[in-house]
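Undergrad: please find the sequence and the predicted model below.
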Amino acid sequence: MLAAEFRQRFLLQTAAAAGAILHSDQHQAAVLIPIIDYGDKLHVLFTQRALHLRHHPGQISFPGGRIEPGEQSHTAALREAHEEIGLAPAAVELLGRLPLQSTSTGFTIQPWVGLLQPQHSWLLQADEVAGIFEVPLTHFLQQENRHQFSLRLRGKMQQLHAMPYQDKFIWGATAAILHRLCLQLA
């Protein structure tokens, strides 16, 4: 899939139409799903969280974090991507958002999809990010690479998504968001 086809098939709500601020009793977060356009292919960029973090150490995620009071969710996603991996907000063509994703830890995540050109280098925030890696988007678009399983978490059964790639195990909210992206593109 090329970037032009991606844009055409990816009809999402734009930042202007998405509403300014999320309101809920849950903690609010926003993430950026960075899609890198190599011209003849698209890749999804992931971060691996630092091992010393209190929440989700070592897990694979998208750049993102808590939405500050009064901040719009797309602004938070871009700010967090800049802080965590050095991605300049101006380098991202924000295409739109996916539906909210709730987590078992009480967060509501607003995922934003952004298209960007390959970057010359990344500036990782070592306090938060242990590393980054890319996966071809075509890997996730193949149904056989997307899995669901049940697991008892916090006293109740939860349906979780998982998407292994080489030596990486993408699961939980990140995989659920990625699954929704694949459904959007189908």
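TA: Sure, I can see it.
Undergrad: immediately after the helix or strand encompassing L115, which helix or strand?
TA: Using DSSP states H and E, L115 maps to strand 107-116. Counting by DSSP H and E, the next helix or strand C-terminal to strand 107-116 is strand 129-136.
Undergrad: could you measure from A29 over to D37?
TA: Per Cβ to Cβ, to the nearest Å, A29 is found 26 Å from D37. Yep, even glycine has a C-beta here, placed from its N, CA and C like the rest.
Undergrad: likewise for G86?
TA: From G86 to D37 the distance is 18 Å (Cβ to Cβ).
Undergrad: ok, I35 - how many residues close by?
TA: 23 (other Cβ atoms under 10 Å).
Undergrad: between A29 and D37, which has more neighbouring residues?
TA: Shown here are A29 and D37; by other Cβ under 10 Å, A29 has more neighbours (22 against 18).
Undergrad: shouldn't that one be in contact with Q110?
TA: Yes: contact criterion Cβ atoms under 8 Å: A29 and Q110 qualify, at 7.2 Å.
Undergrad: can you pull up the bridge partners for L160?
TA: Beta-bridge partners recorded for L160 (DSSP bridges): F149.
Undergrad: quick one: it and R152 touch, right?
TA: No: the pair L160 / R152 is not scored as a contact, 10.7 Å apart, by Cβ under 8 Å.
Undergrad: settle it for me: which of these two has more neighbours?
TA: Neighbour totals were compared for L160 and R152, and L160 leads with 17 against 8 (other Cβ under 10 Å).
Undergrad: show the pLDDT at the more buried one.
TA: Listed pLDDT for L160 reads 86.
Undergrad: can you check Q148 too?
TA: With respect to pLDDT, Q148 has a value of 89.
Undergrad: cool, and H52?
TA: The model's pLDDT for H52 equals 59.
Undergrad: over to the one 10 residues further on?
TA: pLDDT, F62: 97.
Undergrad: and it, how close does it get to L100?
TA: 14 Å.
Undergrad: which other residues reach the helix or strand E84 falls within?
TA: Here E84 sits within helix 73-85, counting by DSSP H and E. Here helix 73-85 makes contact (Cβ atoms under 8 Å, 6 or more residues apart in numbering) with 15, 18, 21-22, 28-32, 34, 45, 47, 63-68, 71, 87-89, 92, 94, 97, 110-112, 114, 122-125, 128-129, 132.
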